[in-house]
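sequence first, then the predicted structure, then my questions.
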Amino acid sequence: MPRRASLFATLAAFIGAFSPAAVPQQQFRIAGVVVDSVSGAPIERAEVTIAPAGNLGDASTTWSAPSGQFLFGGLPPGKYRLTASRVGYTQQGLDQHEGFMTAVAVGPKLDSEHIHFRLFRESVIAGTVLDEYGEPVRSADMFLFRRGFSGGAHTTDLAGRATADDLGVYRFPHLAPGTYFVVAYAKPWYASGSQVIDRVKASDVTILPRPARSIDVNDNDDVAAVDSAEVLPAPPPAPNPPRDVVYPLAFYINAGSLDSATPLTVGPGATVTADFSLHPVPALHLLVKAPAPLHDDAPRNTETGVVDFAANFPLAASLQLAGTELEQLPVRPAQQMPGYFEVTNVVPGEIQFRSIAKNERGISVQSTVQQVTSENRVDLSSSAAVSVSGTVNPLPFATIGGGDGVSRGQGFLSLTSADGRTTQASQITAKGEFSLVLPAGKYTVNLVPPAFAHIVSLQATGAAVSANSVTLSPGTSVKLNVRALQADATVSGTALKNAHPCAGAMIVLVPEDSTQSAALFHRDQSDSDGTFTMSPVFPGRYTLLAIENGWDLEWSKLSVLFSYLAAGVPLEVKPGANVSINVRVQ
């Protein structure tokens with residue numbers, strides 16, 4: 001018996017060794033060569049990194065050989081993100097376009113060992129910032145904007161920030177090829193708030209210099225007179241006009257706006273010079289009337305009964321350019337003027353005013369952008385304010401927050417004015433409710449963030465509705481019923497060219513009604529095996545396109561995509577569906 005048991009044990013072990021469960025998983029390799037994008041010469045010591053597409057934190061790194069070759073071995077089947085960098089070259093992903101890149105598919109019958117990774121030499125934009133006397137401007141804030149694509153349209157977006165040194169020299173290194181704009185923003189060293197006398201003025205005292213005469217900041221005797229001045233408690237005096245100045249935004253070369261600025265076309269490995277000369281203009285001072293209260297129960301002063309704007313409606317102001325905040329501006333309540341704020345030392349340009357109100361009903365945010373060119377009053381309130389409230393159904397953003405699928409109230413409903421300069425947003429509560437107050441006019445209604453939910457229908461009581469727009473009349477109270485659609489579907493497939501998988505193609509899912517929000521469009525880039533996946537996708541009717549050289553197309557415009565639509569694949573995506581379909585590359 002013992003011998004028979006031993007025989008069975010040996011036989012079981014022998015069979016188990018050849019059972020499918022015991023067969024080791026087949027392993028694969030990713031290999032290729034890193035080359036210069038222009039010359040094609042191999043790049044030695046390039047740092048090449050891979051990471052599983054589903055777990056980018058699990059990364060592995062190697063360095064290219066003198067021949068430019070690199071190798072990763074022992075890889076299980078799957079998809080991997082591949083990036084490379086080297087001193088003097090920009091870091092980038094394989095065949096990268098905007099935020100998309102081609103993932104490398106690894107597995108049986110897949111070629112993952114002949115990768116041609118092109119790196120672009122990094123470029124530099126540098127220059128010097130001088131003042132009206134030809135002297136260096138220290139600590140000038142420099143902003144770099146790049147012309148590109150966002151939402152399927154040409155845009156100009158912030159690409160970097162820098163600060164000029166003591167010699168007025170600034171530098172933007174490590175730039176990828178492209179078209180750029182440079183903007184300089186600085187404050188005169190002699191302007192109000194920069195000298196000894198102004199630091200004293202900023203306190204709650206009045207300076208009575210002896211003798212009483214204008215002060216030259218280069219005159220040491222005058223500074224001595226200030227030091228011996230009589231100090232008396234009193235409100236601060238009016239600003240000194242000769243020194244109440246600012247430098248306006250400076251656009252290369254000597255342009256007055258970003259639209260008229262000289263574009264800098266930067267090629268691989270280029271060094272471009274852009275110098276600036278700044279000239280002061282009088283500073284602007286604004287008196288801002290705060291927005292109307294969000295609710296009738298807003299906090300009020302117990303003595304005067306006036307709404308406590310400083311407590312419930314904190315106002316923020318900032319200098320803006322192309323949707324980018326350049327600087328927060330000082331804001332303070334106006335003395336003896338309840339509901340008003342003062343914004344001083346303002347540079348001519350676009351000023352964004354933001355106020356936030358919070359109470360037991362949630363959060364409301366108002367944002368208004370105004371072009372300011374002279375000293376004036378800014379009225380953010382409205383005598384024709386309209387109260388707007390309502391519900392969103394079903395509750396959007398259900399997956400935002402915890403993993404239990406319960407809404408955490410991170411979603412907002414926003415109303416944007418027809419000119420795009422004013423936006424009111426109200427937090428959507430856990431019950432799907434919202435409430436806000438805004439001036440009469442025509443507004444577009446949106447859900448924020450737009451990538452997770454979309455408005456499919458809008459009904460109103462007390463207002464006229466057209467598609468996703470609502471027109472508010474003075475003195476009315478409006479109730480909105482918003483029906484939302486959540487993105488919960490997946491569309492995947494393979495891009496084929498001449499019946500073979502095509503890597504690096506731009507995949508576009510075009511909605512049937514392409515005049516609606518750009519959030520309804522979906523994009524991806526096909527991987528090395530031609531496959532793609534888009535998720536989450538809104539339910540609806542679409543046309544699926546694969547375009548080989550489409551990364552410079554304004555794909556959100558129907559007129560641009562019209563010639564491609566006939567060869568696209570029509571499909572209907574139902575809620576929660578997982579659609580798999582192939583598409584021919586055009």
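Arrived safely, thanks for sending.

any idea which element Leu561 lies in?
helix 558-565 (DSSP states H and E).

average pLDDT for that helix?
In this model, helix 558-565 has a mean pLDDT of 88.

hmm, who's touching it?
Helix 558-565 has contacts (Cβ atoms under 8 Å, 6 or more residues apart in numbering) with Val508, Val510, Ser514, Thr515, Thr543, Leu545, Ile547, Leu553, Glu554, Trp555, Gln586. Quick note: C-beta positions are derived from backbone N, CA and C, even for glycine.

any low-confidence regions in the stretch 251-400 of the chain?
The stretch 251-400 of the chain contains residues with pLDDT under 70 at 292-313, 359-362, 383, 397-400.

Ser414 reaches Val445, doesn't it?
Yes. Using Cβ atoms under 8 Å, Ser414 is in contact with Val445, at 7.4 Å.

stretch 548-561: which residues count as buried?
Using 16 or more other Cβ atoms under 10 Å as the test for burial, stretch 548-561 gives Gly550, Trp551, Leu553, Trp555, Ser556, Leu561.

Tyr89 reaches Glu44, doesn't it?
No. Taking contacts as Cβ under 8 Å, Tyr89 lies outside contact range of Glu44: 11.7 Å.

neighbour count: the two, which is higher?
Tyr89 (23 against 14; other Cβ atoms under 10 Å).

any idea how far the more buried one lies from Val35?
Separation of Tyr89 from Val35 (Cβ to Cβ, to the nearest Å) stands at 11 Å.

please enumerate the shared neighbours of these two.
Joint contacts of Tyr89 and Val35 (Cβ under 8 Å, 6+ apart) are Ile43, Leu119.

partner residues bridging Leu544?
Leu509, Val569 (DSSP bridges).

now swap in Ala51 and tell me
Applying DSSP bridges to Ala51 gives these bridge partners: Arg81.

over to Val365?
Ile356, Ala425.

burial count for Trp336?
For the record, residue 336 is Gln, not Trp. 6.

quick one: it from Val288, how far?
Applying Cβ to Cβ, the value for Gln336 to Val288 is 15 Å.

wait, Phe538 touches Val573, no?
Yes. Taking contacts as Cβ under 8 Å, Phe538 lies within contact range of Val573: 7.5 Å.

list residues touching both of the two?
In contact with both Phe538 and Val573: Ala489, using Cβ under 8 Å, 6+ apart.

which residues touch Asp513?
Taking Cβ under 8 Å, 6+ apart, one finds Leu520 in contact with Asp513.

contact partners for Val388?
Contacts of Val388 (Cβ under 8 Å, 6+ apart): Leu415, Ser435, Leu436, Val437, Leu438, Leu472, Val478, Leu480.

who does the fourth one bridge with?
Beta bridges link Val437 to Ser387 when assigned by DSSP bridges.

excluding its backbone neighbours, what's nearest Phe341?
Val288 (4.6 Å; Cβ to Cβ, 6 or more residues apart in numbering).

now do Glu342
Ala334 (5.0 Å).

phi and psi next, for Ala572.
Check again: residue 572 is Glu, not Ala. phi -110, psi 130 (degrees, to the nearest 10).

OK, contacts around it?
Applying Cβ under 8 Å, 6+ apart, we find Glu572 in contact with Gly540, Arg541, Tyr542.

quick check: closest non-adjacent residue to the second one.
Taking Cβ to Cβ, 6+ apart, and ignoring the residues beside it in sequence, Arg541 has Glu512 as its nearest neighbour in space, at 4.0 Å.

the one you found reaches Pro539, doesn't it?
No. The criterion here is Cβ under 8 Å, and Glu512 misses it with Pro539 at 11.6 Å.

of those two, who's got more company?
Taking other Cβ under 10 Å, Glu512 and Pro539 do not tie; Pro539 has more neighbours (18 against 12).

skipping adjacent residues, who's closest to that one in space?
Pro575 (4.6 Å).

go on, Leu94?
Closest to Leu94 by Cβ to Cβ, 6+ apart is Leu82, at 4.4 Å.

correct me, but Ala418 touches Pro439?
No. Counting by Cβ under 8 Å, Ala418 stays clear of Pro439, with 11.8 Å between them.

more neighbours, those two?
For Ala418 versus Pro439, neighbours defined as other Cβ under 10 Å are more numerous around Pro439 (21 against 12).

how about the more buried one, what does it touch?
Ser382, Ala384, Ala385, Val386, Thr422, Leu472.

repeat that with 10 Å
Under the criterion of Cβ atoms under 10 Å, 6 or more residues apart in numbering, the neighbours of Pro439 are 291-292, 368, 379-386, 417, 422, 424, 472, 474.

which among those count as buried?
By 16+ other Cβ under 10 Å, the contacts of Pro439 give 291-292, 368, 379-382, 385-386, 417, 422, 424, 472 as buried.

picking up where we left off before, for my notes, confirm the residue nearest to Phe341 occurs in a helix.
No. Val288: not assigned to a helix; according to DSSP: H, G, I helix; E, B strand; the rest coil it is strand.

beta partners of it?
The partner residues for Val288, given DSSP bridges, come to Phe341, Val378.

and it, how many neighbours does it have?
Count around Val288 with other Cβ under 10 Å applied: 25.

thought it was touching Thr344?
No. In this structure Val288 lies outside contact range of Thr344 using Cβ atoms under 10 Å: 11.1 Å.

and Phe172, helix, strand or coil?
With three-state DSSP as the criterion, Phe172 reads strand.

which strand residues bridge it?
With DSSP bridges as the rule, Phe172 is bridged to Ile125.

tell me the contacts of it?
Contacts for Phe172 (Cβ under 10 Å, 6+ apart) come out as 123-127, 142-144, 159-162, 180, 182, 264, 266, 272, 274.

could you flag which of these are buried?
Buried among the contacts of Phe172 (16+ other Cβ under 10 Å): 123, 125-127, 142-144, 159-160, 162, 180, 182, 264, 266, 272, 274.

ok, for Leu119, nearest residue in space, not its chain neighbours?
Tyr89 (4.3 Å).

so what's the one you found bridging to?
According to DSSP bridges, beta-bridge pairing links Tyr89 with Arg121.

the strands in the stretch 51-200 of the chain, which residues?
Counting by DSSP state E, counting those that start in this stretch, the stretch 51-200 of the chain has strands at residues 60-63, 69-75, 78-85, 92-93, 104-106, 115-119, 123-130, 141-150, 153-163, 169-175, 178-185.

in a markdown table: the ones you listed, plus mean pLDDT and distance to Ala250.
Putting those into a markdown table (pLDDT from 0 to 100; distance: least, Cβ to Cβ, whole Å) gives the following:
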| stretch | mean pLDDT | distance to Ala250 |
| --- | --- | --- |
| strand 60-63 | 96 | 42 |
| strand 69-75 | 96 | 45 |
| strand 78-85 | 97 | 33 |
| strand 92-93 | 95 | 31 |
| strand 104-106 | 97 | 45 |
| strand 115-119 | 96 | 34 |
| strand 123-130 | 98 | 8 |
| strand 141-150 | 91 | 10 |
| strand 153-163 | 92 | 14 |
| strand 169-175 | 96 | 12 |
| strand 178-185 | 96 | 4 |
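
return the subset of the contacts of Glu572 lying in strands.
Counted as lying in strands by DSSP state E, out of the contacts of Glu572, are Gly540, Arg541, Tyr542.

what ranges does the stretch 201-350 of the chain have for its helices?
Secondary structure of the stretch 201-350 of the chain (DSSP state H, counting those that start in this stretch): helices at 220-227, 309-312.

just to revisit the earlier point, nearest to Gly323 among the buried ones among the contacts of Phe172?
Phe143 (12.2 Å; Cβ to Cβ).

roughly how far apart are that closest one and Ala255?
Applying Cβ to Cβ, the value for Phe143 to Ala255 is 14 Å.

likewise for Asn376?
In terms of Cβ to Cβ, Asn376 sits 25 Å off from Ala255.
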